[in-house]
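1. Give me a model of this one.
(chains A and B)
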Amino acid sequence: MAEYKTTIGIEVHAQLKTVTKLFCGCPASFGEEANTNVCSICLGLPGVLPSLNKKAVELTVKAGLALNCEIHTRSIFARKNYFYPDLPKGYQITQYRFPIATGGKISLEGREIRIKRVHLEEESAKSIHEKDKSLIDYNRSGVPLIEIVTEPDIDSPDMAVAYLKTLQKILQFENISDAVMARAEFRCEPNISVSKEKGILGTRTEVKNLNSFKAVKKSLLSEIRRQTETLEKGKTVEQATIHYSEETQKTWVARIKEESSDYRYFPEPDLPPLLISQTWIDEIKTTVGELPVQKKEKYVELGLNEKDAKTISSSTTTSRLFEK
Amino acid sequence: MKTILEYQEQFKKEEMTPLDLLEKSLEKIDPSLNAYITVTEELARKGLKKDIQGKLKGIPIAIKDNINIKGIPTTCASNVLKGFIPPFSATVIERIQRSGGIFTGKTNLDEFGMGSSTERSNIGPTKNPYDLTKVPGGSSGGSAAAVASGSAVISLGSDTGGSVRQPASYCGLVGLKPTYGRVSRYGLVAFGSSLDQIGIIGRNAEDVGVLLKVIAGYDPKDSTSSQSKVEDYGNLNDTPKNLRIGIPEEYFKQIDEEVYTSVMKIKKAIEKEGILFKSVSLPTTGYIIPTYQVISYAEASSNLARYDGVRYGLRKDGEDFHDTIRKSRNEGFLSEVKRRILIGSFVLSSEAIAEYYERADLIRRLITQEFNDVFKEVDYLLTPATPTPAFPIGERTDDPIRMHVPDRMTAGANLAGIPAVAAPAGMIGKLPIGYQLIGKPFDEKGLLSIVRLVEKIVPFQGFIKEAQDG
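-> Numbers count the residues shown, from 1 in each chain, chains lettered A, B, ... in the order given. As a prediction, the model looks like this:
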């Protein structure tokens, strides 16, 4: 079975560290009493319109720069239409064809993972499912999120985890996101496929509901096993959404995707195209600090061993102490 | 028939009090017209007590029931909004209140603004005050009927494809659709967001200008509102000079002969004032209705997705969440809104978007370009406001294609985002008919100045006598 090659791409959603929500003045803080940080706008009442939070744009640009992306001076918000109780307008304001940043890369132990895009969008509310009813907390509705999508450049569960840890560090280090996984501020959805033939990708599945790096690794290992076994039996892997159970440490097919969902994307008419001046991009560039990886390399050059350099560079507190 | 400024003069000289005017207006609310969904007498009386000094002091204004007034139900003439009371007022409402204006009520409309007759309402049709067997036009038919019958001095409507101008034409009034972005849309319940604009229906150009000056201007709550300077739109004393007006031939085809004659009379009258006329051509005119339909339905399908029964409005519980949505929406919307949501969802679907929505967006740009080009040759365009006078109630309710016919004259200005005004051209039998002037972006003052000129040289004789005061 060793001849199977694994291909992984990852979509990460990270909540931005802003004081207020993306399109209204409500606090974006976490842990308040349910439905207290809400207003007519983030509840999507009839007649409301969105006003874009400038800080959220700044942080998205910063994330794009930290991930070596090209920042587009003109980008466009789009509506993603679907019905769900946690989506108060019946659509999510996101970016589709024209995101803020594209074409980045991140270096990882001598290898490179290409970043396809970074875009800005609004968070949905939080559904709380109880036995006989569902409750919705709209505090989270409209909190700014960035979505960071890689190219399928990852070839093992270990590399996937290494990427996620690096990305999390970058977002935390740059003060873009607190990126606490347990608070769902940093969520990842890997898609994975296995294939025997070189250069040809297998059918991919998307793994959801991952709350820890451990779960990422175990679920991907389990999914490689499941897909390989399926192919070995002469069956085909179906495009599907996969869930992972912490208890059984196994993946299972949650939903077969017969065709991709039709979100009827179209440009958001309530927001004019987002214009970001080169001057502003340059200004934001000056706030992008040295990334942990860059620091580590510098420390190694200064004579530290790999392990120490990595430990010290991995947190802002220790690296600041060391540099003093 | 008095103007807003004349009422203000009377108040100053104490020949009349704002309360007198309010009482007279409320008396004229005629239930048989069905112009109002909610009469806000208490709110109006409270408003008067505040005694706010301003340009609109004590002026009774009717508001289309898709514009939020805090604490008063907004129904959009739909069962789906049953019980919904907005916790905030539209920006235009706040601005009117700060200028001392008061509200007689929320007026009837086609559900969510989707229609040309004010028949497709959950409270039934509004009737044309000139002839109770005819429609008042739509979708701002309630606002037009209220002003024509004298229960309000002036009113607000919304215009997505002609919904202010067409009822103004059918009811012998001046109806202005401002430039897209001139007036904040915050608090207007969205139908087609890239086309919607709050408009004004009044009895004369000056009144419309006075109200426009109050409601126009940048609003940080509406990212599509314009920073462009607000002018003194109510000051129309300067007679327009050295103007060239274009007559687009396409707009004079397939119209009633009497409509043609009426608009030509207006042309001749202003020609005598030294304004030059020129024949022009807008070949994309034939694409206006299909383009308008695709874009407005697409946007509507998304804008109306929020009415799912989860947070407010009608809820019909089903087996699961999706079933609840299905039941709530099925019972909540009338058939025309459903039709448009279905078509709008289709034209945005991955299988159809390139052929429909994207193509319509492209044609929209061509239409806009064509207007831009023609405005290099002329300053304004003169057209009929509607191809016919008001049609009989019930005539077109089962024929959505025919119902859209009047949009041919008006929807081009919405697609291009440019201002246009409809004003009385005369009477055909006992029904009024309007002409339309289309102008360059932010030239509302120019448009109203020409309407004012027409009012001076060929005064409209058709105002309903009972609607007049004093």
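2. Only C-alpha atoms from now on, for both contacts and neighbour counts.
-> Will do.
3. give me the low-pLDDT residue ranges for the stretch 151-300 of chain A?
-> A:257-260 (pLDDT under 70).
4. Pull up the residues of it that are close to chain B.
-> Neighbours of chain B within the stretch 151-300 of chain A, by Cα under 8 Å from any Cα of the partner chain: A:262, A:263, A:264, A:265, A:266, A:269, A:270, A:271, A:272.
5. so the second one touches residue A:80, yeah?
-> Yes. Look at residue A:263 against residue A:80 with Cα atoms under 8 Å: they come within range, at 5.3 Å.
6. Comparing those two, which shows the higher neighbour count?
-> A count of neighbours by other Cα atoms under 10 Å in any protein chain shown puts residue A:80 above the other of residue A:263 and residue A:80, at 20 against 17.
7. ok now do residue 47, which residues does it touch?
-> Going with chain A. Residue A:47 makes contact with B:67, B:68, B:90, B:185, B:186, B:187, B:188, B:189, B:190 under the criterion Cα atoms under 8 Å, 6 or more residues apart in numbering or on different chains.
8. ah, no, chain B please
-> Applying Cα under 8 Å, 6+ apart, the residues near residue B:47 are B:97, B:100, B:101, B:102.
9. Inside strands: which ones of those?
-> The members of the contacts of residue B:47 that map onto strands under DSSP state E are residue B:102.
10. that older thread, which ones among the contacts of residue A:47 lie within strands?
-> Per DSSP E, the contacts of residue A:47 never map to strands.
11. For chain A, tell me which of those residues show up nearby.
-> Answer for these near chain A (Cα under 8 Å from any Cα): B:67, B:68, B:90, B:185, B:186, B:187, B:188, B:189, B:190.
12. and residue A:120, that's in a strand?
-> Yes. Counting by DSSP: H, G, I helix; E, B strand; the rest coil, residue A:120 is found in a strand.
13. what sits against it?
-> A:56, A:57, A:60, A:94, A:95, A:99, A:100, A:144, A:145, A:146, A:147.
14. Need the phi and psi values for residue B:60.
-> phi -70, psi 120 (degrees, to the nearest 10).
15. so it makes contact with residue B:101?
-> Yes. Between residue B:60 and residue B:101 there is a contact under Cα under 8 Å: 6.5 Å.
16. okay, those two: which has more neighbours?
-> Just comparing residue B:60 and residue B:101: by other Cα under 10 Å the higher neighbour count belongs to residue B:60, 30 against 26.
17. Next, the contact list for the more buried one, please.
-> Counting by Cα under 8 Å, 6+ apart, residue B:60 has contacts B:21, B:22, B:25, B:44, B:101, B:102, B:103, B:104, B:151, B:152, B:153, B:154.
18. how about a cut-off of 10 Å?
-> By Cα atoms under 10 Å, 6 or more residues apart in numbering or on different chains, the residues touching residue B:60 are B:4, B:18-19, B:21-23, B:25-26, B:44, B:48, B:100-105, B:147, B:150-155.
19. Return the subset of those residues lying in strands.
-> Short answer: the contacts of residue B:60 in strands (DSSP E) are B:102, B:103, B:104, B:105, B:154, B:155.
20. Widest-spaced pair of those residues?
-> Within the ones in strands among the contacts of residue B:60, B:105 and B:154 form the most distant pair, 11.7 Å apart (Cα to Cα).
21. is it true that residue A:79 lies in a helix?
-> No. Secondary structure of residue A:79, determined by three-state DSSP: strand, with no helix assignment.
22. so what's it closest to, chain neighbours aside?
-> Spatial nearest neighbour of residue A:79, chain neighbours left out: residue A:93 (4.8 Å); criterion: Cα to Cα, 6 or more residues apart in numbering or on different chains.
23. got the contact list for the helix or strand harbouring that neighbour?
-> Following DSSP states H and E, one finds residue A:93 within strand A:91-95. Contact with strand A:91-95 is made by A:22-23, A:44, A:50, A:75-84, A:118-124, A:142, A:144-147, A:263-268, A:270-271, B:302-306, as judged by Cα under 10 Å, 6+ apart.
24. Isn't residue B:111 up against residue B:141?
-> No. Counting by Cα atoms under 10 Å, residue B:111 sits too far from residue B:141 to count as a contact (11.4 Å).
25. who touches both of those two?
-> Joint contacts of residue B:111 and residue B:141 (Cα under 10 Å, 6+ apart) are B:118, B:119.
26. Between these two, which is the more surrounded one?
-> residue B:141 (37 against 28).
27. distance of that one from chain A?
-> 20 Å (Cα to the nearest Cα, to the nearest Å).
28. Now do the helix or strand of chain B with the lowest mean pLDDT: which elements does it pack against?
-> Least confident helix or strand, chain B: helix B:400-403 with a mean of 88, by mean pLDDT, DSSP states H and E. Judged by 3 or more Cα pairs under 10 Å, 6 or more residues apart in numbering or on different chains; DSSP states H and E, helix B:400-403 is in contact with no other helix or strand.
29. Please point out which parts of the helix or strand just after it sit buried.
-> Downstream of helix B:400-403, the next assigned helix or strand under DSSP H and E is helix B:407-416. Within helix B:407-416, the residues that qualify as buried by neighbour count (16 or more other Cα atoms under 10 Å in any protein chain shown) are B:407, B:408, B:409, B:410, B:411, B:412, B:413, B:414, B:415, B:416.
30. Determine the set of other helices and strands touching helix B:407-416.
-> strand B:154-159, helix B:165-170, strand B:174-177, helix B:288-303, helix B:357-377, strand B:380-384, strand B:420-428, strand B:431-438.
31. Highest mean neighbour count out of these?
-> The highest average neighbour count among these, using mean count of other Cα atoms under 10 Å in any protein chain shown, belongs to helix B:165-170 at a mean of 36.
32. which residues in the stretch 101-250 of chain B form strands?
-> Applying DSSP state E, counting those that start in this stretch to the stretch 101-250 of chain B gives strands spanning B:102-107, B:154-159, B:174-177, B:197-202, B:244-248.
33. among those strands, which is nearest residue A:172?
-> Per Cα to Cα, nearest to residue A:172 of the strands of the stretch 101-250 of chain B: strand B:197-202, 43.6 Å.
34. now the angle between strand B:154-159 and the closest one, please.
-> Computed by axes from the mean of the first three to the mean of the last three Cα atoms, to 10 degrees, the angle separating strand B:197-202 from strand B:154-159 equals 150 degrees.
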